[in-house]
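J.: Provided below are the primary sequence and the corresponding predicted coordinates.
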Amino acid sequence: MDTQVRLLDLAEAAMRRHGYGGFSYADIARDAGIRKASIHHHFPAKSDLGLAVLDRYSDRHLTMLADVRITSRLGGQALTRAIEFYRDAMGTGDDLCLLTALANDANALSPAMRDMLARATLATANCFEELLLTGRKDMSISVAGDPAVEATSILALLNGAQLLARAARDITMFDRAIQPIQTRISRR
């Protein structure tokens, strides 16, 4: 495996579990079995590494959301699959979606990372809005209000459900927290 990809993988795992402020180059060097200087060769500053991880993750995240929308027969199915992605991102309950983890650590991020996080979060909310619009059209999701506002609420609920489940050390807390979303999805 390419060293740079390995470093990105390790840094992503560390950020999802401990947040941006919860890891150092020493941690990544230890886990990669290399010297810190080798990391600095690829990523001169921690903010460079963080930005590269966030860029890669947000691309994958948004591609996944677009794929579930395109490959789902109904909007409700796509929303269900997106919810499953957020649950699966927690693994055994100690990890978070990277966007959730970084939002929790926003004050520690560089301005470039905060900007990219804001763009990725807005793009994610827009993807959820598209799922709601599709679901309202095909009648697989109950959408009573403004889809943009409801999409933001769903995103906030998913992020909060992850944090709640991790804090409680109980993944079923995620399932209970998101039930208001699931009750809006038609099971046809």
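T.: That came through, no problem.
J.: ok, residue 96 - contacts?
T.: Residues near residue 96 by CB atoms under 8 Å, 6 or more residues apart in numbering: 16-17, 89-90, 104, 162-163, 166. C-beta: built from backbone N, CA, C; applies to glycine.
J.: who wins for neighbours among those residues?
T.: residue 162 (27 neighbours; other CB atoms under 10 Å).
J.: that older thread, which one of the contacts of residue 96 is nearest residue 49?
T.: residue 16 (14.0 Å; CB to CB).
J.: ok, so what distance separates that closest one from residue 23?
T.: Separation of residue 16 from residue 23 (CB to CB, to the nearest Å): 10 Å.
J.: For the residue positioned nearest the centre of the chain, which non-adjacent residue is spatially closest?
T.: With distances taken as CA atoms, centre = their mean, the residue of the chain nearest its centroid is residue 97 (3.3 Å). Of all residues beyond its chain neighbours, the one nearest residue 97 is residue 89 (4.4 Å), with distances taken as CB to CB, 6 or more residues apart in numbering.
J.: For that neighbour, give me its contacts.
T.: 16, 95-97, 162.
J.: Tell me which of those residues fall in strands.
T.: Among the contacts of residue 89, no member falls in strands (criterion: DSSP state E).
J.: Can you lay out those residues as JSON lines showing pLDDT and distance to residue 47?
T.: Listed next are the contacts of residue 89 as JSON lines, based on pLDDT from 0 to 100; distance: CB to CB, whole Å:
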{"residue": "16", "pLDDT": "96", "distance to residue 47": "18"}
{"residue": "95", "pLDDT": "95", "distance to residue 47": "22"}
{"residue": "96", "pLDDT": "96", "distance to residue 47": "20"}
{"residue": "97", "pLDDT": "96", "distance to residue 47": "20"}
{"residue": "162", "pLDDT": "97", "distance to residue 47": "24"}
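J.: And those residues, which is closest to residue 175?
T.: Distances from residue 175 to the contacts of residue 89, taken by CB to CB, are shortest for residue 162, at 11.6 Å.
J.: Quick check: the closest one vs residue 140, distance?
T.: 24 Å.
J.: what's the answer for residue 179, then?
T.: According to CB to CB, residue 179 stands 17 Å off from residue 140.
J.: For residue 2, grab the count of nearby residues.
T.: Neighbours of residue 2 (other CB under 10 Å): 8.
J.: Actually, residue 8.
T.: 20.
J.: and the residue lying closest to it once chain neighbours are set aside, what are its phi and psi?
T.: Nearest residue to residue 8 in three dimensions, chain neighbours excluded: residue 53, at 5.5 Å (CB to CB, 6+ apart). Dihedral pair for residue 53: phi -60, psi -50, per degrees, to the nearest 10.
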